Each structure stands twice: as structure tokens, then as C-alpha cells.
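>>> model this:
(2 chains)
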Amino acid sequence: MAVAVLTAAVILSAFWLLSRSLSPSHAGLVALALLIGGTPAAAGILVTRAQPASRLGPLLALLGLLAAVVLTGAVAPDVSTGHGTAHAYLTAAGQGDWILVYVVVAVPLLYFPEGRLRSRAARLLLAAILLDAALFMVVAATAPGPFLPPDQLSPHVLGTMPAGLATALTVLTLPALPITLIALTAHLIGQYSHSDSHRRRQFRWLGLAAALLPLTLLATWLSYAVTGRADVVLAIGLTATYLALPALMAVGVLRPELFDVDRVISSTAAHAAFTAALLAVFTGADALAGTVLVHSAPTVAVAATALIAVLLAPARARVQRGIDRWLYPARKAAYAAIDRLHGKTLSAHARPEQLQHRLQEALHDDGLLVGYLIPDSDEMVDSDGRPLASTESHSVDISMGTERIGLLSARPALSVELLRDIAARAAPLVELVRLRVELRRALNEADQSRSRLLRVGYEERARLERDLHDGAQQRLVSLGMALRLAQRRLPRGGLDVSGVLDAAVTELATAVSELRRLAHGIRPSCLDDGLVPALSDLISSTPIPITLQVTASDLDQDLETTAYYVAAEAITNAIKHACPRHITLDVAAGQGQLRVRISDDGHGRAVPRPGSGLAGLADRVGAHGGTLAIDSGHGHGTVVEAVLPCASS
Amino acid sequence: MRIVIAEDSALFREGLASLLTDAGHDVVARVADAVALVEAVRTQRPDLAIIDVRMPPDGTDDGARAARTLRENHPDLAIVLLSQHIETAHSVNLVSEGRFGYLLKDRVLDVDDFLDTLRRVASGGSALDPEVVARLIGARSQEAPFESLTPRERDVLALMAEGRTNVGIARRLWVSERTVETHVANLMIKLGLESSDEDHRRVLAVLAFLDASR
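So this is what the prediction gives:
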């Protein structure tokens, strides 16, 4: 951090000093210096702020510092002509300074992206580069003979080494330069190929910066072909490369997922290939026209190139696809898989639920998951409607408009940007699947509800059968037996006939009341008189006060029965489990709905467990096309509300 | 006869005990669940056990299961199962071994017939409730060998299956014993069963046939 700040301060103060003493003609140069020096410095500061321990930040700042120094050097002679001796020293020391441009660019590459040297090879390479640069500068400063133009007349103030040594060192140091460059390139390629996906992505940013060099060559060619000159374009290209390298290195370190670097590289390559093809046509046509027609050669060449450009336009997409396949296979494959499935789905040859499988195949990722968000819930499920297995963190949302409809999760090797693009492409299929899942769930729920109702019905029948057999029937058989016994004892005399008959009648009365209770359980006969009398009857038999409000009349009998059961079950449930002091029962009809609302002030915590009375109620209400909502917080009482569709009122 | 009654309804149990006592039998134990029943039989060694099918502890078919256990441990014990309703599953399996009766509880009200059945079972015979027999035969009446039976022969078959002797059947149908013998001989031929003098073996033959053709 300190280094970066210091560097920035040095640069800025240097420019401040310069700008004070400069003539306006230097203003443009200063602005350029500010840009060229400031960009790497800013990159360095950003990296240092994010990773204080990284050496990369200071090194990038150094890159800016060097640019500033070189440019200052370019300006310095004009500004400070007075300090003759210092200038002579500076001139001598700066004879080999161009190699520093190589050093400050090469060294950060060795530290990329972790900010430290990761291997012995890197350390050796660093040492070689530094040693080579130092030797080179020493030779340049002290070799016999005049300095290079425009410094031919400057004195050798740093001394002169023997000519033989100078030659030997030059022979040693100059070839070392391309050798270290090749070694550095090999080192970077080696690093890339032994990296995991994340580090590879970081390196691809480096590759993007490096790609500017061939692009510069291409642009130079273009410039030369069109204008006959290339120096300005070359300068701009090299400057851009010089600036892009630290900037993109910083991006690679800090935000490798900033945008899809793969796609940029891929489409850049496609454009470059296309441009190169056109240029080749142009150059060829120009040369051909020049030899054949001599006159108006450029006109013919331009016409030919334009023609070729038009003819090649359809090929451009193909070129892009080809390069995509080469540089960008994942996206290509995923898109193709999605589009193919989409087409087959529309022609009813495939089911959209195969999306996950197709993407797994296309991206060679068996762990890839597509989650579908059930509408109006936050439940993420797979295509079978089962809850989605826990997804890795590496996932993106699938959206339709602004609505989140699903989730795509894959191995980290696939970039988030790629996943985002795939998610966007797959969104229509995902929407289709989630709606199908929801529909299937609804049908399944209806099925289950129906079989639950059936089961409840059977269980009720079994209970009735048992109650009848063990209750009234048993009682009647026993009664019959008692009467037979009495009958057989009668002839012997001494039988209390009145007592026997009395007991028999009591027994009969009990049997009758048992039968009545059973029949009431099957269907409360008070419902014959309507819902209000039935509910009044219901609350009159409960041990706690119930407020009854009914604003509904002329209801369908089935609806009344269901409403009655909702009220009866909810009240029974409340009294049994929640110990309320008071219950309010509201039955209101309106807007095509009948609302039955039971609220109590008990201790809450009512949960409709499977097989419980409340769950059975939900099925009953559901069978009527209605919904049952249970709101039961801890200590806040319980509200059970059934909303049933009704035709009347 | 020394009898054990296993019945969870006290009302029915005591009424039955009085009936049996009045009829001159010795009710040596009255229990209300299957566990106590097994224990009572072990200690009292009765001639006959009258058992309710549905009893504690499980309240399902505990009585029938206890009957099966008792049959294994006490082969000489005669067993009459009483049930509130018809279950052919329990009845047919046990009745084919003899010394076994399976009746609806209502049959108790026909006191003489009931006592007669108890005696028959205790002396090695079998007794199936007419309702059970009707179901067994009814389920098969459309099948090949049964179709060839005359209505009268079917009546005789049903009474045979209940465990009745030719004399008993004759009394029931208001015909002579000789006529019954003719019917029995005919239907045995039609069903492909060998005739035999022994009462309960006729039942076994009929049941074996019913069972096999199921």
C-alpha cells in the first residue's frame, strides 16, 4: 500500500512540477504521460488495496513510474538545459534504459496473479532478466565509442570499459533478451496449463492484453495499406498494449469474472480473422491491379475489397461459429443443446424436463443442476417436483423478465457469465417445465387428497362397524340372552319379572341412545334445519363461550355440511389442544365465496399433521374447490379459515 | 362339561355363564382377554372353551389367534369361537380339524340349538355357522359341480357343512332320515366326494372341497 501510494505521489508531484515550468506545447505530452503513467499506477494501487501482501501492486505501480520517468526524460532536456553535469550523467545512465521497458513488463508477469513467485523456475527467470538488464545497461553506459543518436556528443562520464569486454558482454546480453522472452512465454503457458479453472480465467485476461500485440500488427498493416504510413497506428497500438497489460492484469487479479473474457477473446479473434482476410484480399488486389492496370490501382482494389466484404458477410457468422467452437466450445455446445431441445419440445419429440440432462451432456458436467421455482413460493425443485438437492454456491438465477423462475448450478470451471448466458437461453424451457411441474403437483395433490378422503371414509366405516358391533348389537344380543335366561327360569318360579323387564328396558334405552349418537356422527341431523341452527346446536354443547356470527343463508346443502364440519373440527381441535378462553366463529357469504373463520385465544401451535383432523379438513375443503388456511403462532391463538366457492349470494 | 368363557363384554359373559350353569354345565373360568384365556385353559384343563374373536389386548382377532395357540398346545380341547360378524378366514382353517365350532353370537339366543352345538363340538364334531356356510356355498353356487346340485341337495349340503348329522338334517328339513341319506349319497357323487358314516368327517370332506375349489 505504502509503495503504491508513494509511487502515485511521485508521479503526480513530478507532473505537477513539470506542468508548472512547462510551456503550453508540452501540455499534450504531460496529459499523455499522466495517462500512461497513471493507468498502471492506479492498477497497482487497486491491487495493493485488495491484496496488501501481493508484490504485484508495487510492480504495476513501478510500470507507471517508469513510463513517467521515460516521458519526463523526453521532456527533461527541453526543461532543464541548465544542469549540464546532471544531464550528462542522466544521458550516460539512460543509454540502455529501453531495456527497462521490457523488465517492468516482464517482471509483473512472473508475479501474476498471486503476487509472489510460485516456483524455482520463476525465481531463476527473474534473476536472469534482472541480471541481463543490469549488464546491458552497464555495457550501454560504459562501452567505448560514441553513444547512440542524438547523444553522440555526450561524454562518457561513467567511465569506459575495455572494448573486448564490451563486445563479449554485448554478445552475452543481447541474445539473452529473446531467450528470456521465450522462457517467460513458455513459463506463462506452463502456468496456464497447470492451473485450475479460476486461475486460468485470470490468465485469460493476460491473454486478452497480449492479443493486442497481433491486433496492433494487423492495424499497422491496415494503416499501411490505406495510407501508406503506419508509425502513428503502431505507436497507438503499442501504447494501448502497454496500458492494457497492467489494467487487465489488475482485472485478472481482482475481478476475473468482471465479464466473459472468453467471449471477448473469441469475438476479437473472429473480427481479426475477418479483417485479416479482407486485408489480404485488398493487398492482393492492389498488387495485381498495380501490375496489370497500373492506373487507378487503389480504386480497383477498394472495389474488389468491398465486393469481397459483401460476399464474405454471410461467412462472418460461420467464422464466428468456427472460432467459437475452437475458443469457446462450452457456450456453443450448451446453446446448441438448448435450441435442439426447444425445437424437439415444440414438435413434441422431447420433453422439456430433459433440459438438465442435455446441459449435463453438452457441458460435460454430471453435477449440473437446473432448479425450478414453483410459482408463488420459494420452493426450488427438480424436474420431478422433488426438492432440489443442495446446490453448490456456483450458481446463477434463471429469470423471465424480472421474475426469478429457476436456478442453474454447475461446476466452478464454468464461468458465471457463461452460466448467466445459458440461463437466459434456457429460460423459456425452464418456464415451461416449472409450469408443468406445478400442474403435475396440483394433479398429484388432487389425487392424493381424493385417496385420503377415500381412506378417511373407509376408516370411518370401520369405526362405525366396530361401534355398531361392539355397542348396540352386543347390547341387544346380551339383552336377548338375559330375556332367554329369564324365560328358562320362569317355570322354576322365584323370578323377579318386573326387575328383569326393567333392566331390559334400561338396556334397550341405552342401545337406542348409542345408535342415535352413532347416527349423529355420520351426519348431524340438526343440519336438516339449516346451517345456523346446526351451528347454534354445536356451540351450545361446548364447555367454553363461543361467539357466533353468521351472515349467510340459502346455501347449498353440501356446502353447509362442509362448513359445519370445518366449524366443528376446528372448535374441537381448539378445545382439545389450545385451552382457549373464548372462541369466535364467523360464517360469511359474499362475492361467490363462503368464509368460515374460527379464531381462538389459546396458546396456538396448531399444525395440520398428516392424518390429523385439521389435515382431513383441508381435504374436505379442497374437495369443494376451496382452501383452508391455518394461522397459528406461538401464544397468539389460532385462526382457521376456510374459503369455499359458492354459487348463491 | 367343564367350560371356560373368554368374552370382554361383562354383560354377555355373565349372561352366557348363567345360561350354561342353568343347563347343568360347570363354568370353571370367566376371562376378559386372550392372555387370561390361555392361562385359564392351562390351569383349569376345561373340556370346552367359548371364545369371543374380538378381544383385548389388541381388540382385533386376538380370540382367533388364541384359539390357534390352544389347539396346538391342547389338542383335546374343544373350541367354539363366537363372533359379532362373519369372517370365513378364521373359521374354515380351524373347523377342518374337528372339535371346533364357529358361530355368530346371535345363535346363543336359540338356546337349545346352541347347547346342542356345544355338545356336538365337545364330542369331536364340528359346527359352522349357517351364515358362513351360506357364504362359502353361495360364492361357489355358480361353479361347475355346484350347478348340478338340486336346491334340496344344496340345503342338505349346507346343513352338513354346519356339522349336522343325517338325523339332525332330517329334523330340520322335515323329511325322513332315509331321504336325507339319498340326498347325501347323490350330492357326494356329484361333488366327487366319498361318503362316510362319521359326522365330522363329512364336514371335513365338504370343507376340503370348498377350500380346494376356492
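>>> On the strand side of things, show who the residue sitting nearest the centre point of chain A bridges to.
Compute the mean C-alpha point of chain A, and by CA atoms, centre = their mean the closest residue is residue A:396, 2.0 Å away. Beta bridges link residue A:396 to residue A:408, judged by DSSP bridges.
>>> wait, residue A:147 sits on residue A:91?
Yes - counting by CB atoms under 8 Å, residue A:91 is a contact partner of residue A:147 at 7.0 Å. For glycine as for every other residue, the C-beta is placed from the backbone atoms N, C-alpha and C.
>>> and the two? which has more neighbours close in?
Higher neighbour count among residue A:147 and residue A:91: residue A:91, with 21 against 18, using other CB atoms under 10 Å in any protein chain shown.
>>> What is the burial count for residue A:618?
The number of residues packed near residue A:618 is 21, by other CB under 10 Å.
>>> so where does it fall, helix or strand?
helix A:613-623 (DSSP states H and E).
>>> got it, and residue B:57?
Counting by DSSP H and E, there is no helix or strand that carries residue B:57.
>>> Please name the residues that touch the closest residue to it other than its chain neighbours.
Spatial nearest neighbour of residue B:57, chain neighbours left out: residue B:33 (5.9 Å); criterion: CB to CB, 6 or more residues apart in numbering or on different chains. Counting by CB atoms under 8 Å, 6 or more residues apart in numbering or on different chains, residue B:33 makes contact with B:6, B:8, B:55, B:56, B:57, B:62.
>>> Ok, residue A:123 next?
residue A:117.
>>> Double-check residue A:33 against residue A:64; I have them as touching.
No - at 9.9 Å, residue A:33 does not count as touching residue A:64 under the criterion of CB under 8 Å.
>>> So if I had to pick from the two, which one is more boxed in?
More crowded of residue A:33 and residue A:64, by other CB under 10 Å: residue A:64, with 29 against 24.
>>> now that one: how far from chain B?
89 Å (CB to the nearest CB, to the nearest Å).
>>> tell me the mean pLDDT over the helix or strand hosting residue A:136?
Assessed by DSSP H and E, residue A:136 sits inside helix A:120-142. Taken as a whole, helix A:120-142 carries a mean pLDDT of 86.
>>> what does stretch A:157-176 give?
The pLDDT scores in stretch A:157-176 average 81.
>>> Read off the pLDDT value for residue 28.
You didn't pick a chain, so chain A it is. For residue A:28, pLDDT reads 68.
>>> Hmm, no, I was thinking of chain B.
Looking at residue B:28, its pLDDT is 94.
>>> what about it, is that helix, strand or coil?
Taken by DSSP: H, G, I helix; E, B strand; the rest coil, the conformation at residue B:28 corresponds to strand.
>>> For it, which non-adjacent residue is closest in space?
Beyond its immediate neighbours in the sequence, the residue positioned closest to residue B:28 (CB to CB, 6+ apart) is residue B:44, lying 4.5 Å away.
>>> coming back round to it: so which bits of the helix holding residue A:136 are buried?
Within helix A:120-142, the residues that qualify as buried are A:122, A:125-126, A:129, A:132-133, A:135-142, counting by 16 or more other CB atoms under 10 Å in any protein chain shown.
>>> Between those, which sits nearest residue A:245?
Nearest to residue A:245 among the buried residues of helix A:120-142 is residue A:129, at 15.9 Å by CB to CB.
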